[in-house]
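Participant: just need the structure, nothing else, for what follows:
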Amino acid sequence: MDGTNLIEYLPQFLREYRELAAICDTESPELDAAADQMKRMLDNLFIECADLYGLSRLEEIAGTASGIHLSEAERKSALYAAYNLDTVYTYRKLIEMLAAIQGNNSFSVHVLNCNIILLDMNLESRAQYDAINKMLYAVIPCNMSIIWENVYKRRTHMYMSNFTHSELSERFH
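Facilitator: Model (predicted):
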């Protein structure tokens with residue numbers, strides 16, 4: 001609750017009794033604690049709002065490995081990936097799944113020859129890579145191949161020298 005005193009909910013003529021005022025003063029903190037617990041319970045139903053306890057419960061429900069050594073953001077990414085596995089693959093749905101996990105501007109997707117997906121991402125940790133990799137191989141149809149790497153790791157001179165300017169322009173612009 002918002003810390004409102006329960007006596008304010010009583011009619012004016014009952015507020016004058018000391019016994020009722022004492023009961024209301026005693027019960028207000030208990031009701032505030034119960035309201036806080038209900039808010040926590042509701043928050044823990046959603047990945048975005050869940051605390052560490054809620055994340056562990058959601059991981060148990062989703063069947064993902066408990067990532068106690070992972071950060072909260074990494075655990076949420078893994079849960080988003082696990083919950084998105086039930087959807088049917090379409091290009092638009094793949095973009096939505098990756099945006100839910102990674103954010104809108106941190107990846108690019110290109111489909112080559114209708115059967116190769118070229119995915120450039122900027123991942124921060126191996127745990128994110130593992131979660132997205134698991135999701136991709138569960139969602140992408142068997143007749144399609146996936147080529148993807150972490151963008152910040154491979155945009156070096158050694159890697160880029162293997163491509164012509166037009167190939168680089170096509171892939172990264």
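Participant: correct me, but Ser108 touches Gln102?
Facilitator: No: using C-beta atoms under 8 Å, Ser108 is not in contact with Gln102, being 11.0 Å away. To be clear about C-beta, it is placed using only N, CA and C from the backbone, and glycine gets the same treatment.
Participant: quick one, which of the two is more surrounded?
Facilitator: Gln102 (19 against 16; other C-beta atoms under 10 Å).
Participant: what's across from the closest residue to the more buried one other than its chain neighbours in the sheet?
Facilitator: Leaving aside its sequence neighbours, Gln102 sits nearest to Met121 (C-beta to C-beta, 6 or more residues apart in numbering; 6.4 Å). As for beta bridges, Met121 partners with Phe107, Asn150 under DSSP bridges.
Participant: how far does stretch 71-83 sit from its chain's centre?
Facilitator: On the basis of C-alpha atoms, centre = their mean, to the nearest Å, stretch 71-83 sits 5 Å off its chain's mean C-alpha point.
Participant: buried sites along it?
Facilitator: Across stretch 71-83, burial judged by 16 or more other C-beta atoms under 10 Å covers 74-83.
Participant: worst-scoring helix or strand of this protein, pLDDT-wise?
Facilitator: helix 151-154 (a mean of 50; mean pLDDT, DSSP states H and E).
Participant: quick check: His110 is in a strand.
Facilitator: Yes: secondary structure of His110 (DSSP: H, G, I helix; E, B strand; the rest coil): part of a strand.
Participant: can you give me the strands for the chain?
Facilitator: Taking DSSP state E, the strands of the chain run over residues 107-112, 116-121, 145-150.
Participant: so of the ones you listed, which one's packed in deepest?
Facilitator: strand 116-121 (a mean of 17; mean count of other C-beta atoms under 10 Å).
Participant: what helices or strands is that one leaning on?
Facilitator: If you count contacts as 3 or more C-beta pairs under 8 Å, 6 or more residues apart in numbering; DSSP states H and E, strand 116-121 packs onto helix 91-102, strand 107-112, strand 145-150, helix 165-172.
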